[in-house]
Each structure stands twice: as structure tokens, then as C-alpha cells.
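# Here is my input; please provide its structure:
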Amino acid sequence: MLITGASGFVGRPLAEMLLAGGSEVHALSTHHPDGLDESGVHWHHGDLLDPATPARVMADTQPERLVHLAWYTAHGRYWSSPANVEWVEASLRLLRAFAGAGGRRAVLTGSCAEYAWGGEEDLDELDSPLVPRTLYGVCKDGLRRVAGSFAEESGLELAWGRLFFLYGPHERPERLVPAVIRALLAGERVATSAGTQVRDFMHVDDVAGALLAVLQSDVVGALNIASGTGRSVAEMLDLIGALTGASELIDRGARPMSADEPPRIVATVKRLTQEVGFQPSVSLADGFAATIDWWARERA
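Below you'll find the model as predicted:
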């Protein structure tokens, strides 16, 4: 079993779940994260943007299963960065090397950014149009198309998990949830938009659990990795404020809403729940409480 991006936000809990289930886990990363060094993961150092890396790692590991999480994720820059194109190329090299080494089943991760945003309907894998508005979304959708066709021709089982909005420990501190939590824990005021936009948030442990369930299933093609429940950003801000005891520090409406901010981005999860058989187990209140505790320990 090989995971790319194993030191990242989703890779950490996924590696831990695989180990707990008795899998032999090989992880490809540019660095070894604190806390996983002694866990039993077999670490392989390498940069997937180096064309020689995929073949070398496949020769070393000979995996039957692959979860590919690695991508360019610099906050605020990944939407339009040319690095997205490089990651399409790197991902296809990886998949070809995996197939060439006798790999059987792969799970690659896409994004809700592949869909056309702006409507009021929930986003469905079978019915919703794929009209990405960013280079990131275009590259993810393009990779899905090419990888899916390659998998059919080469006999690979390929599942494509479209991630929606994640939160939890180890998230980049500049992103919305950790930025608000960290400021409130520090006693600082936070200026936010009115928060009327509705989003589908899922705790990272549930995201990792969903990907593990997909990996262990025989489901192929695209499916949403999400909770299937929409919450307004305002509701989430209120919950974070209540859990930190610092609601009075949130200046909601102090920042204007972006003119192109989609009013609703929520998934349907029929394939995940009915075909894979996965149900999330972390409530929003419990997930935020645990996340706040984690950030509080990081500050200590």
C-alpha cells in the first residue's frame, strides 16, 4: 500500500487508519512529519515532480493499492498557479508507473472545484455539470478524464474522490477555520464576512475514513467525499465562538463578501453512502471542539 502526500493534512490520519487495520503502509513524501516517524510507516523520500521518482518508488515498494493525495496546495495561490499543470503531468507519470509495477487499485483525489459553481442545487457526481472556473479545477478535472481513460485501457480499478471543505488538526493555519480559532484563542478580534454562504464541511478524520472505505471497496469512477449537509459560514462561526467562549471577538460583516463568492457548495453523497457504505461519524460540534483543543495545545 502506497500513499503520496502522507505527511499532509489528509495523509496523516489515513496512514494511521491503515496501520491500525494491519496494512503495510509505504509513504512517499518530501519530508517525514513529527509524530509519524516511529509509527510503523515505511517512508520513502522523493519529489513527484522529479520524473525519475515514480518508477524508483514503485520498484522499491511494488504496491497493489495506491492513494494519491500529493498536489500543490499553497494557500491562496493554488487556484491559479502554473504548478497545477506540473502536478497533472506528475500524477500521470505516477499512475503509469503504478500500472507498470502491477498495481491493481488506485484512489486519486479531486475537488469540488471541478463542478460549475453558482447554482442552488446540491452537486451530484452523475448530473451536475463540470465547468471549473479556476486553473486548479480545470487541472483536476483534466487529470480525472485522462486517468480514467488510461485506467480502462490498462485494467486498473480507479476511483476519484472529490473533496469538499475540510477542517481539523494540522490544517494550514491561514485557512478560515484555524485562522478564526487561533485568533480567538489569542484574544484577538476577527473580521469576517456576513457568512451567508453555505458550505459542506467534513472533519479530516471522516475524510480519511471515507477514502479508506473507497479504497477497500470495488467502486470506480467519481464520487463526492463530503458530509452531504450544508451549513452557513455564519453558523460555523457562531459555533466556534461559543466553544472558545469568545463570540464577542467575531466582527461578522466587517469584511465584504467577494462578488464571485458562490452562495452554496454542498454535495450529494449517494455513491459514498449507498455504494461504498460510508457514514461520517464526527459531528460539527464535536469536530470543532476537538480542533479547538488541538490548536490550544499547539499554542501551549
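
# okay, now residue 163: neighbour count?
Residues lying near residue 163 (other Cβ atoms under 10 Å) number 22. Every residue, glycine included, has its C-beta placed from N, CA and C.

# Likewise for the one 10 residues further on?
Residue 173 sits with 13 neighbouring residues when counted by other Cβ under 10 Å.

# how near is it to residue 186?
12 Å (Cβ to Cβ, to the nearest Å).

# Residue 46 now?
For residue 46, the distance to residue 186 - Cβ to Cβ - is 37 Å.

# of these two, who's got more company?
Comparing residue 46 with residue 186 by other Cβ under 10 Å, the one with more neighbours is residue 46, at 17 against 10.

# In contact with that one, which residues?
Residues near residue 46 by Cβ atoms under 8 Å, 6 or more residues apart in numbering: 28-30, 53, 56-57.

# Highest neighbour count among those residues?
residue 28 (29 neighbours).

# Pairing partners for the helix or strand that contains that residue, with directions?
Using DSSP states H and E, residue 28 sits in strand 26-29. Here strand 26-29 has these sheet partners by DSSP bridges: strand 2-4 (parallel), strand 42-45 (parallel).

# average pLDDT across whichever helix or strand comes after the first one?
Stepping forward along the backbone from strand 2-4, the first helix or strand reached (DSSP H and E) is helix 11-20. Mean per-residue pLDDT for helix 11-20: 94.

# before we move on, what about stretch 103-110?
Per-residue scores along stretch 103-110 average to 98.

# List the buried residues in it.
Across stretch 103-110, burial judged by 16 or more other Cβ atoms under 10 Å covers 103, 105-110.

# so how far is it off the chain centroid?
14 Å (Cα atoms, centre = their mean, to the nearest Å).

# Count the neighbours of residue 235 for me.
Residue 235 has 13 nearby residues by other Cβ under 10 Å.

# helix, strand or coil for it?
helix (DSSP: H, G, I helix; E, B strand; the rest coil).

# Let me see the confidence value for the nearest residue to it once chain neighbours are set aside.
Distances taken as Cβ to Cβ, 6 or more residues apart in numbering place residue 195 nearest to residue 235, at 7.6 Å, with adjacent residues excluded. We note a pLDDT of 95 for residue 195 in this prediction.

# Just want the most central residue of this protein.
For the chain, the residue nearest the mean C-alpha position is residue 163 (5.0 Å; Cα atoms, centre = their mean).

# still on that earlier bit, in TSV, list the buried residues of stretch 103-110 along with secondary structure.
Formatted as TSV, those follow (three-state DSSP):
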residue	secondary structure
103	coil
105	strand
106	strand
107	strand
108	strand
109	strand
110	strand
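
# returning to that earlier point: so which of the strands paired with strand 26-29 is nearest residue 134?
Nearest to residue 134 among the strands paired with strand 26-29 is strand 2-4 (22.2 Å), distances taken as Cβ to Cβ.

# for that closest one, the distance to its chain's centre please.
14 Å.

# Not counting its own residues, what contacts it?
With Cβ under 8 Å, 6+ apart as the criterion, strand 2-4 contacts 11, 14-15, 18, 25-29, 48, 57-58, 61, 63, 65-70, 94, 98.

# Let's see the distance spanning stretch 120-130 from one end to the other.
15 Å (Cα to Cα, to the nearest Å).

# buried stuff in it?
122-123, 125, 128, 130.

# same deal with stretch 127-147?
128, 130, 132, 134-144, 147.

# likewise stretch 172-186?
176-185.

# tell me how far that stretch is from the chain's mean position?
18 Å.

# pLDDT (mean, whole number) over that stretch?
For stretch 172-186, the per-residue pLDDT averages 96.

# got a list of contacts for that stretch?
Counting by Cβ under 8 Å, 6+ apart, 9, 73, 75-76, 167, 171, 189-190, 192, 201, 233, 236-237, 240-241, 244, 246, 249-250, 288, 291-292, 295-296, 299 sit against stretch 172-186.
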